[in-house]
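# Give me a model of this one.
(one chain, ligands or ions: 2)
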Amino acid sequence: MSSHIQIFDTTLRDGEQTPGVSFSFDERLKIAKQLEAWGVDVIEAGFPASSTGSFNSVQAISEALTTTAVCGLARCHKKDIDAVYEATKNAQKPRIHVFIATSQIHLESKLKMTQQEVLASIKEHVTYAKQYFDVVQFSPEDATRTELPFLIEAIQTAVDAGATIINIPDTVGFSYPIEYGRIFKEVIEAVQTDQDITYSAHCHDDLGLAVANSMAAIENGATRIEGTLNGIGERAGNTALEEVALGLYVRQDHYKNTTQLRLSETKRTSDLISRFAGIRVPKNKAIVGQNAFSHESGIHQDGVLKNPETYEIMTPQLVGVEQNELPLGKLSGKHAFAEKLKSLGYDISSDEQVELFKQFKAIADKKKSVSDRDIHALIQGTEHEQNAMYRVETLQLQFVSEGLQSAVVVIKDNIGTVYQDSSIGTGSIVAIYNAVDRIFKRDSVLLDYRIDSVTEGRDAQAEVRVELNIENYNVTGIGIDHDILLASCKAYVEAHAKYSAAVLHSVEVGE
Ligand code: KIV
Ligand code: ZN
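Residues are numbered from 1 along each chain as shown. Ligands and ions are numbered 1, 2, ... in the order given. You can find the predicted model right below:
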C-alpha cells in the first residue's frame with residue numbers, strides 16, 4: 001500500500017482535450033519532464049491508438065522519464081491495448097489505463113451494448129492487458145451515473161481479471177462531495193479480493209466541485225487523485241492537482257496524509273502548462289493565480305507585515321512564487337544574468353545563454369527594469385520559438401488609404417524554407433492575419449484575441465493569445481514581443497503551425 005496520496009497527472013491526455021489546446025511533440029516532452037520534476041507518481045501521457053502524434057509522444061516520454069510511471073489510455077479494444085504496450089514498453093514503469101462506460105445512458109446511446117456485454121468486455125480486455133502489464137488500471141466511465149450494484153459488478157469483474165487500480169470517474173462532473181465519497185466507501189466495502197487495490201478519483205469540474213469531490217474521495221478511502229495542472233481539461237476541466245496537493249499539505253491535521261510532490265516546483269509547472277496550452281491562469285485562481293498571495297486591504301497588509309500568518313495559510317515560497325525579486329537593468333552584465341537564470345531554476349548551457357543574453361539586452365534597452373516575469377517570458381518565448389514549426393522573420397505594415405492597411409509577412413519553417421505574402425485589411429491586425437492566411441492557403445475564423453502585458457508599466461512586453469477555428473478545428477497560439485503587432489502576428493502563425501501539426505498527426509477516433 002502507498003504511504004502517500006498518489007498523484008496521477010492527465011494534463012497530456014484529458015488536459016489536452018481542452019477545446020483549442022493541442023500540445024506539440026516538444027511541448028509534451030517538456031511538460032512530462034517538468035511533471036517528473038514536480039514529482040507526480042504517474043503521467044498519463046496520451047491515448048496512443050488515437051493518433052500517430054499521441055503514439056509518438058507517449059513513446060518518447062516513456063524513453064525520457066526515469067522515475068515517473070508512464071501510462072497510456074486504451075478503450076476496451078485489443079488494438080488500443082497493443083498500441084499502449086508498444087508505446088510504453090521502454091518506460092521504466094509502464095502502465096495502462098483501460099476504460100469502458102458503465103452508465104445506462106452510455107450503454108444505450110453510445111456503446112449499444114447490454115450490461116452483460118460490458119462485463120464480458122471488461123473481463124476480456126483487462127485479462128488481455130494483464131498479459132503485458134503488471135499494473136493495470138480500470139475505469140468505469142460515467143461511474144457516478146451508473147447504478148451502484150452494476151458499478152460494483154463491473155469493478156469486481158475488472159479486479160477478478162487482474163486490475164489493481166480502480167479509478168472511479170465523475171466523467172460529467174455530476175456528483176457532489178457526500179455522494180462521491182459514499183460511492184468510494186460502498187465500492188471499497190463491497191469488492192472482494194485478496195489483492196491490494198488502489199482506489200483513484202477522477203473528477204470533472206462541470207459544477208465547480210472537482211477538487212471538493214476529490215477530497216471527499218480521499219476521506220473515504222481513495223489513495224490516488226487524477227487531474228491536471230490549472231484544472232485544464234474537457235469542458236469545465238478536471239481536478240486542479242495543485243489545489244489538491246496544497247489542500248493535503250496545509251490541512252495535514254485533517255487528511256493525515258500528503259503527496260510526494262516537490263511543492264516548490266508547483267508555480268513553474270503551472271506556468272509552463274499555461275503557456276503551452278495558451279490558457280492564462282485567472283488572477284484569482286487558488287495557489288497559482290497572480291493574486292493568490294497579494295494583500296490589498298490596508299488591514300490585511302498591516303497584519304501581514306506584523307506576522308504573515310495573520311492572513312496567509314501558506315507562504316508563496318512554498319509553491320515557488322518568487323517575491324522581493326531583484327530586477328535586472330541595462331547595466332547588468334553576463335554574470336548577473338547567469339546568476340538570475342540560476343536563481344530562477346533554469347539550467348541553460350553557456351552557448352544558449354549567449355543568445356539569450358543578447359535578447360535580454362534588447363529588452364533592457366527598451367525597459368528600465370527587467371523583472372523575473374520578463375525573464376520567464378523571454379526564456380519560455382525563446383523555447384517556444386525554437387520548437388516552432390514556423391517563425392516570423394519580418395513584418396512590414398503600410399498605411400494604404402481610407403483606413404486600409406497593407407501587411408507583408410515573411411515566415412520561415414524549421415527546415416529553412418521562406419514563405420512570404422501580403423494583403424490589405426481594414427486595420428493592421430486584419431491585414432496581418434489576411435496575409436498569414438494566404439501563406440498557409442487556409443481560411444480561418446478568429447474566435448478570440450487577447451492581449452496582456454507581461455509586467456506592469458508602459459514599457460512592458462505584450463503577450464497576445466489567439467484562438468482560431470481552422471476547418472472545424474480550434475487551435476490557440478501565443479506571441480510575445482515589445483511590439484503588439486509583431487506579438488499578434490507571432491500568435492496567429494503559431495496557431496496555424498499547431499493546426500498543421502495536428503492535421504499531420506491526427507487520425508479520427510470513434511467508439
Ligand atoms: O472522465 C473520464 O471518464 C475519463 C475516462 C477516460 C477515465 O477521462
Ligand atoms: Zn476525464
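
# which strands and helices sit next to the lengthiest helix in the chain?
The single longest helix within the chain, with elements called by DSSP state H, is helix 484-505. Using 3 or more C-beta pairs under 8 Å, 6 or more residues apart in numbering; DSSP states H and E as the contact definition, the elements that helix 484-505 packs against are helix 52-64, strand 390-399, strand 405-413, helix 428-440, strand 444-453, strand 462-470, strand 473-481. To be clear about C-beta, it is placed using only N, CA and C from the backbone, and glycine gets the same treatment.

# Now mean pLDDT too, for the ones you listed, in JSON lines please.
Converted to JSON lines, those look like this (pLDDT from 0 to 100):
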{"stretch": "helix 52-64", "mean pLDDT": "96"}
{"stretch": "strand 390-399", "mean pLDDT": "93"}
{"stretch": "strand 405-413", "mean pLDDT": "95"}
{"stretch": "helix 428-440", "mean pLDDT": "96"}
{"stretch": "strand 444-453", "mean pLDDT": "92"}
{"stretch": "strand 462-470", "mean pLDDT": "91"}
{"stretch": "strand 473-481", "mean pLDDT": "88"}
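
# Check the gap between the nearest residue to residue 369 once chain neighbours are set aside and residue 337 for me.
The spatially closest residue to residue 369, leaving aside those adjacent along the chain, is residue 327, at 4.0 Å (C-beta to C-beta, 6 or more residues apart in numbering). Counting by C-beta to C-beta, to the nearest Å, the separation of residue 327 from residue 337 is 12 Å.

# all strands of this protein, in order?
Counting by DSSP state E, residue ranges of the strands within the chain are 6-9, 42-46, 69-75, 94-101, 136-141, 165-170, 198-203, 224-227, 390-399, 405-413, 418-425, 444-453, 462-470, 473-481.

# so which of the ones you listed comes closest to residue 53?
Distances from residue 53 to each of these were compared using C-beta to C-beta; the shortest belongs to strand 42-46, at 8.3 Å.

# can you state the direction angle for that closest one and strand 69-75?
50 degrees (axes from the mean of the first three to the mean of the last three C-alpha atoms, to 10 degrees).

# quick one: strand 42-46 to strand 198-203, angle?
Taking the same axes, to 10 degrees, one finds that strand 42-46 is oriented at 50 degrees with respect to strand 198-203.

# other SSEs contacting strand 42-46?
Helices and strands touching strand 42-46, by 3+ C-beta pairs under 8 Å, 6+ apart, are strand 6-9, helix 25-38, helix 52-64, strand 69-75.

# Wondering if that strand reaches ligand 1 at all.
No - applying C-beta under 6 Å from any ligand atom, one finds strand 42-46 out of contact with ligand 1, separated by at least 8.9 Å.

# What strands line up against that strand, and which way round?
Next to strand 42-46 in the sheet, as set by DSSP bridges, lie strand 6-9 (parallel), strand 69-75 (parallel).

# and the nearest residue to residue 404 once chain neighbours are set aside, bridged to which residues?
Spatially, and ignoring its direct neighbours in sequence, residue 404 is nearest to residue 424 (5.2 Å; C-beta to C-beta, 6+ apart). Residue 424 has the following beta-bridge partners by DSSP bridges: residue 406.

# Pull the number of nearby residues for residue 424.
Residues within reach of residue 424, counting by other C-beta atoms under 10 Å, total 15.

# At the contact with ligand 1, which residues of the protein appear?
14, 99, 139, 141, 169, 171, 202, 204.

# what about this protein, any weak spots by pLDDT?
When residues are selected by pLDDT under 70, those of the chain lie in 1-2, 323-326, 383-387, 504-511.

# center of this structure - which residue?
When the chain is reduced to its mean C-alpha position, the closest residue under C-alpha atoms, centre = their mean turns out to be residue 11, at 4.0 Å.

# List phi and psi for it.
Torsion angles at residue 11 (phi, psi; degrees, to the nearest 10) stand at phi -60, psi -40.

# so it sits right up against residue 38, yeah?
No - under the contact definition of C-beta atoms under 8 Å, residue 11 does not touch residue 38, with a separation of 10.5 Å.

# Please save the CA atoms from the longest helix of the chain in PDB.
Output for helix 484-505, consisting of C-alpha atoms alone and laid out as PDB, is shown next (Å, rounded to 0.1, in the frame of the first residue of the first chain):
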ATOM      1  CA  ILE A 484       2.000  44.500 -30.200                       C
ATOM      2  CA  LEU A 485       1.500  43.900 -33.900                       C
ATOM      3  CA  LEU A 486       4.500  41.500 -34.100                       C
ATOM      4  CA  ALA A 487       3.200  39.700 -31.000                       C
ATOM      5  CA  SER A 488      -0.200  39.400 -32.700                       C
ATOM      6  CA  CYS A 489       1.400  38.000 -35.800                       C
ATOM      7  CA  LYS A 490       3.500  35.500 -33.900                       C
ATOM      8  CA  ALA A 491       0.500  34.300 -32.000                       C
ATOM      9  CA  TYR A 492      -1.500  33.800 -35.300                       C
ATOM     10  CA  VAL A 493       1.400  32.000 -37.000                       C
ATOM     11  CA  GLU A 494       1.700  29.700 -34.000                       C
ATOM     12  CA  ALA A 495      -1.900  28.800 -34.100                       C
ATOM     13  CA  HIS A 496      -1.600  27.900 -37.900                       C
ATOM     14  CA  ALA A 497       1.500  25.900 -37.100                       C
ATOM     15  CA  LYS A 498      -0.300  24.000 -34.400                       C
ATOM     16  CA  TYR A 499      -3.100  23.200 -36.800                       C
ATOM     17  CA  SER A 500      -0.500  21.900 -39.400                       C
ATOM     18  CA  ALA A 501       1.000  19.700 -36.700                       C
ATOM     19  CA  ALA A 502      -2.400  18.400 -35.600                       C
ATOM     20  CA  VAL A 503      -3.500  17.600 -39.200                       C
ATOM     21  CA  LEU A 504      -0.200  15.900 -39.800                       C
ATOM     22  CA  HIS A 505      -0.700  13.500 -36.900                       C
END
